[in-house]
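Enquirer: Please work out how this folds:
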Amino acid sequence: MATGRMRRVDEAVRQVIGDAVAGELKDPRVGFVTVTDVRTSADLRHARVYVSVLGAGGGPSLPREREDSLEGLRSAHGFLQSRLADELRLKRTPALEFVYDDTTDRAMRLEALIDEAGPA
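Expert: The predicted structure is shown next:
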């Protein structure tokens, strides 16, 4: 269970990374990416950054778009980590790991199944 301090650290990391991805990252591989969650280890050495990727038409992303965006984020790791170090005063700057968050995909699939079943 995360302590109050860890939740604040996770939220601060999410905010800094989200702002940097939205406004400063110039990699053309990174499409419309939203940072949905961050889980930082207790020793602040690692941070798992969960991202969702919106497709070109505003709908769900294709697997190729997801992989391209994740690869772009991984290549921008050093830039994003330096932004974290500049913005947050932490004992350690966590190493970032980017993971696709499939919650939106599962929700859309569930909605489609409910629509298929029709009214009760």
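Enquirer: Next up, the contacts around the spatially most central residue of the chain.
Expert: Closest to where the C-alpha atoms of the chain average out (CA atoms, centre = their mean) is residue 51, at 2.4 Å. Residue 51 makes contacts with 21, 33-36, 69-70, 73, 98-101, as judged by CB atoms under 8 Å, 6 or more residues apart in numbering. For glycine as for every other residue, the C-beta is placed from the backbone atoms N, C-alpha and C.
Enquirer: Of these, select the buried ones using a ChimeraX command.
Expert: Of the contacts of residue 51, the buried ones can be selected in ChimeraX as follows, counting by 16 or more other CB atoms under 10 Å:
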select :21,33,35,36,69,70,73,98,100,101
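Enquirer: Among the contacts of residue 51, name the ones in strands.
Expert: Among these, the subset assigned to strands under DSSP state E consists of 33-36, 98-100.
Enquirer: For these, which two are the farthest from each other?
Expert: 34 and 99 (13.2 Å; CB to CB).
Enquirer: For the longest helix seen in the chain, name the packing helices and strands.
Expert: Longest helix in the chain, counting residues (DSSP state H): helix 4-23. When contacts are defined as 3 or more CB pairs under 8 Å, 6 or more residues apart in numbering; DSSP states H and E, helix 4-23 packs onto strand 32-40, strand 46-54, helix 77-87.
Enquirer: where does the protein dip in pLDDT?
Expert: 1-2, 55-61, 120 (pLDDT under 70).
Enquirer: how does it look with 90?
Expert: The chain contains residues with pLDDT under 90 at 1-5, 23, 25-32, 53-66, 89-92, 101-120.
Enquirer: if we can go back for a sec, with respect to residue 119, which of the helices and strands packed on helix 4-23 lies nearest?
Expert: Proximity to residue 119 (CB to CB) singles out strand 46-54 among these, at 30.0 Å.
Enquirer: for that closest one, the distance to its chain's centre please.
Expert: 2 Å (CA atoms, centre = their mean, to the nearest Å).
Enquirer: which of the residues in that strand are buried?
Expert: Buried-residue list, strand 46-54, by 16+ other CB under 10 Å: 47-54.
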